[in-house]
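Provided below for reference: sequence and predicted model.
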Amino acid sequence: MAQYTQKQLLHELEPAVAKELDRHIAVAKEWMPHEYIPWTEGSNFDGPLGGQAWDVGQSKVSETARTALVVNLLTEDNLPSYHREIYQSFGPDGAWGTWIGRWTAEEGRHGIAIRDYLLTTRAVDPVALERERMIHMTQGFESSYELDMLHTVAYVSFQELATRISHRNTGKFTEDPFCEQLLARISVDENLHMVFYRNLLAQALELAPDQTIQAVWDVVEGFQMPGSTIEGFTRRSLQIALAGIYDLRIHRDEVLNPVLKFWKLFDIEGLSAEGEQARDKLATFMDALDKKAARFEDKREMIKTRQASQA
């Protein structure tokens, strides 16, 4: 089966990009971030305006909820790096370039709105948050995969869905109706972005199945959330997983598996030996991840039982 160059793939898939862009614009509903912020709860902080310094007692959400909110926001903050990555993968021309601009504009309001909520409600330490933002954005984000269109689209197909679920579950976990409403709305954006990329990769599978399956395998095997470079991410992600906000079971059953099923990846016929090998590796990986998720669930139950007995 013929191998396509990056330039050929971009050209051949541009009609699909244009179609998905038109569909996205038709179904995406305008929303105003400022309408989701409880501004009446806000007050001045200490500093030039002489307000009150932040104290943990002012936060209405739990420590775990604060951890998840900060991780989610810092992840959104790195948008300039994500923009650079997809710009380098897709290029500025035609429907590809138009989508990059639209996607970036929509993603930009997520960090704005979450930060407005956190500062207005005094949910997190604003000084610590700003210092972490500076460090995280200075580091930037660099993909661990080949910076080409197929790997990029495969990655964001999963990542956008993972982010949607993380935001949605975080909102529920806070038990704050304002936060839940905001993050639910942001999740709608993330889902529409996932659908765009997922549908586009389905077209790539029809055009170049072997190359696309290899890219999917590369991404699934080494998948990392875009916030994985946040300081203390391993500790924080464990805290988030123990709370059931985002864990291995969710990653396998609610992120990887639904997208792979949509692509009907295991039903494709006529693959090369390399394509078959990549698909076999993917199937083996999914089985292993199922067992790993089960072990984590057992460990979590043991921790909960022990904590209950000590209460």
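Looks like it came in fine.

how many residues are close by Leu119?
Neighbours of Leu119 under the rule other C-beta atoms under 10 Å: 17. All C-beta atoms are positioned from the backbone trio N, CA, C, and that covers glycine.

relative to Glu231, how far out is it?
Per C-beta to C-beta, to the nearest Å, Leu119 is found 21 Å from Glu231.

and the helix or strand containing Arg185, what does it pack onto?
In the assignment (DSSP states H and E), Arg185 maps to helix 177-207. Counting contacts by 3 or more C-beta pairs under 8 Å, 6 or more residues apart in numbering; DSSP states H and E, helix 177-207 is packed against helix 6-27, helix 94-120, helix 149-174, helix 209-221, helix 257-263.

any idea of the mean pLDDT in that helix?
Averaging pLDDT along helix 177-207 yields 98.

one more: stretch 158-172?
Mean pLDDT, stretch 158-172: 98.

same check, this time on stretch 89-106
On average, stretch 89-106 scores 97.

need the contact partners of it.
Stretch 89-106 is contacted by residues 10, 14, 17-18, 20-21, 24-25, 28, 79, 83, 86-87, 147-149, 151-153, 189, 193, 196 when judged by C-beta atoms under 8 Å, 6 or more residues apart in numbering.

quick one, the helix holding Arg185 and helix 149-174 angle?
In terms of direction (axes from the mean of the first three to the mean of the last three C-alpha atoms, to 10 degrees), helix 177-207 departs from helix 149-174 by 160 degrees.

going forward, count from 23.
Taking 23 as the first residue, the last one we looked at is helix 199-229.

and helix 199-229, how far from the chain's centre?
9 Å (C-alpha atoms, centre = their mean, to the nearest Å).

for the most far-flung residue of the chain relative to its centre, what are phi and psi?
Here the centre of the chain is the reference, and by C-alpha atoms, centre = their mean the most remote residue is Gly72, at 37.5 Å. Note on Gly72: backbone dihedrals following degrees, to the nearest 10 are phi 70, psi 30.

also Phe67?
Here is the backbone geometry of Phe67 (degrees, to the nearest 10): phi -90, psi 170.

leaving out sequence neighbours, find the closest residue to it.
Closest residue to Phe67 apart from its sequence neighbours, by C-beta to C-beta, 6 or more residues apart in numbering: Gly73 at 4.7 Å.

and the nearest residue in space to Ser81 that is not next to it in sequence, what element?
Excluding the flanking residues, the one nearest Ser81 by C-beta to C-beta, 6+ apart is Ala145, at 5.1 Å. Using DSSP H and E, Ala145 sits within no helix or strand.

which residues sit in contact with Ala145?
By C-beta under 8 Å, 6+ apart, Ala145 lies in contact with 81-83, 87-88, 91, 139, 196, 198, 201.

Arg301: neighbour count?
Counted with other C-beta under 10 Å, residues neighbouring Arg301 total 20.

try Gln261
There are 16 residues near Gln261, going by other C-beta under 10 Å.

do Ala90 as well
When neighbours are counted by other C-beta under 10 Å, Ala90 comes out with 27.

that one touches Thr192, doesn't it?
Yes. Ala90 is within contact range of Thr192, at 4.3 Å (criterion: C-beta atoms under 8 Å).

what is in contact with those two at once?
Ile267.

so who does Lys286 touch?
Counting by C-beta under 8 Å, 6+ apart, Lys286 makes contact with nothing.

phi first, then psi, for it.
Torsion angles, degrees, to the nearest 10, at Lys286: phi 50, psi 40.

pLDDT wise, what is it at?
Listed pLDDT for Lys286 reads 96.

how near is it to Arg301?
Following C-beta to C-beta, the distance that separates Lys286 from Arg301 is 12 Å.

check Asn191 too.
Distance from Asn191 to Arg301, by C-beta to C-beta: 30 Å.

next, the angle from the helix holding Arg207 to helix 28-49.
Orientation check (the same axes, to 10 degrees): helix 199-229 against helix 28-49 gives 140 degrees.

so helix 199-229 versus helix 231-243, what angle?
Between the axes of helix 199-229 and helix 231-243, defined by the same axes, to 10 degrees, the angle is 150 degrees.

helix, strand or coil: sort out Ala24 for me.
For Ala24, the reduced secondary structure class is coil; criterion used: DSSP: H, G, I helix; E, B strand; the rest coil.

pull out the buried positions in stretch 217-235.
217-227, 230-235 (16 or more other C-beta atoms under 10 Å).

ugh, wrong one, I meant stretch 114-133
117-118, 121-122, 124-125, 128-129, 131-133.
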